[in-house]
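K.L.:
Predicted model, plus sequence, below.
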Amino acid sequence: MSKRSDRPLRIATRRSALALWQAEHVAARLRAHHPGLQVELVAMTTRGDQITDRPLAAIGGKGLFLKELEVAMLEQRADLAVHSYKDVPMELEPGFAIAAVLERADAADAFISNDHSRLAQLPHGARVGTSSLRRQAQLRALRPDLELVDLRGNVNSRLAKLDAGDYAAIVLACAGIERLGFGSRMRERLAPPHWLPAVAQGAIAVECRHGDAEVAELLRPLDDESTHRCTAAERAMNLCLHGSCTVPVAGYCVETETGLALWGLVGDASDGRLIRAQAEGPAGEPRVLGERVAALLREQGADAMLGR
Ligand SMILES: NCc1[nH]cc(CCC(=O)O)c1CC(=O)O
């Protein structure tokens, strides 16, 4: 019996269907590893969820999805928070730590359409919905003729807007649509290394108060070392490029037989120019590899492309 059996462990989560799925998933994993442990969800709405009519870049970026959950942890209303790792800023607020990164789902993006089976088969000038500058840059590179239109909101509402006929196609993460049971709506996998996902896409991160040894210990068995290393390399690259969700940066790292291989990309959403780099390094030094790929992107002009 866990010594916590008198007090439930409370998981702070956003209320979107995907966030609730991910929080329930972490709760189930915790119960499986710690029989007798009581686990509860504390669902809340964040500013990032409330404001859906403007691009994230214009309203303050990804931290908006974490703030309320972090306040709940500071006020002892929750013990941990579950996030899509790709929505977690490169630098956490002081006083918090990522205690576990769960095994990654499919990291790729998906092309979704009701009438067209491939990106290459979209008619000239077709409307594609995505607010992600990273997705816009890669779409422009492949199909400069497309009309790219802003599309924010959670996974379910984006699919609803597609079904309402507002767009010929949209691009979403495979991980999100599969978790919500919409995997059959994927028409084409936009796969790395040709098409690169957001840094840490497909991985779930669990955040807790820095120094909360009891919660960190409970979370330890949920951590997947390989995913943790790969996402560390991707995030180090992004941090080096001063990346956030507001700039078109993409990255994907895998473990190979000899270590880690990391692909990085910086793009221009207005004209579809892409800068790419790839490097390999030892498994024990993901951050060094991330910094190396960032430096390779810089040598090719990444800073100018990111507007600095
Ligand atoms: N930007 C929102 C977001 N954050 C995480 C996912 C998908 C799940 C994941 O990548 O882990 C999504 C939806 C999407 O981009 O399609």
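P.N.:
Cool, got the structure. Numbering: from 1, shown residues only.

K.L.:
Hmm, Val171 and Gln201 touching each other?
P.N.:
No: taking contacts as CB atoms under 8 Å, Gln201 lies outside contact range of Val171: 11.7 Å. Where you see a C-beta, it was placed from the backbone N, CA and C, and this is true even at glycine.

K.L.:
Need the residues touching each of those two.
P.N.:
Common neighbours of Gln201 and Val171, counting by CB atoms under 8 Å, 6 or more residues apart in numbering, are Asp109.

K.L.:
More neighbours: which of the two?
P.N.:
Neighbours per residue (other CB atoms under 10 Å) separate Gln201 from Val171, with Gln201 holding more: 28 against 24.

K.L.:
partners of the helix or strand where Val42 lies, with directions?
P.N.:
Element membership for Val42, per DSSP states H and E: strand 39-44. Sheet pairing of strand 39-44 (DSSP bridges) gives strand 9-14 (parallel).

K.L.:
Can you give me the buried ones in the partner strand?
P.N.:
Leu9, Arg10, Ile11, Ala12, Thr13, Arg14 (16 or more other CB atoms under 10 Å).

K.L.:
That one and the ligand, are they touching?
P.N.:
No: Strand 9-14 lies out of reach of the ligand by CB under 6 Å from any ligand atom, never closer than 10.1 Å.

K.L.:
I'd like to know the average pLDDT value across that strand.
P.N.:
The average pLDDT for strand 9-14 rounds to 97.

K.L.:
What of stretch 86-95?
P.N.:
On average, stretch 86-95 scores 94.

K.L.:
Return the distance of the closest residue to Asp49 other than its chain neighbours relative to the ligand.
P.N.:
Spatial nearest neighbour of Asp49, excluding adjacent residues (CB to CB, 6 or more residues apart in numbering): Arg14 at 6.0 Å. Look at Arg14 and the ligand: by CB to the nearest ligand atom, to the nearest Å, they are 10 Å apart.

K.L.:
Arg14 contacts Ala43, doesn't it?
P.N.:
Yes: with contact defined as CB under 8 Å, Arg14 counts as touching Ala43 (7.3 Å).

K.L.:
okay, and the common contacts of these two?
P.N.:
In contact with both Arg14 and Ala43: Leu20, using CB under 8 Å, 6+ apart.

K.L.:
for stretch 292-308, which positions count as buried?
P.N.:
Neighbour-count burial for stretch 292-308 flags Arg292, Val293, Ala294, Leu296, Leu297, Arg298, Ala302, Met305, Leu306 (criterion: 16+ other CB under 10 Å).

K.L.:
can you list those residues in TSV and add pLDDT?
P.N.:
Output for these, formatted as TSV (pLDDT from 0 to 100):
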residue	pLDDT
Arg292	98
Val293	98
Ala294	97
Leu296	98
Leu297	96
Arg298	94
Ala302	92
Met305	90
Leu306	87
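
K.L.:
Which of the residues you listed sits closest to Arg209?
P.N.:
Ala294 (30.0 Å; CB to CB).

K.L.:
Go ahead and confirm the closest one touches Cys240.
P.N.:
Yes: counting by CB under 8 Å, Cys240 is a contact partner of Ala294 at 3.4 Å.

K.L.:
Cool, thanks, talk later.
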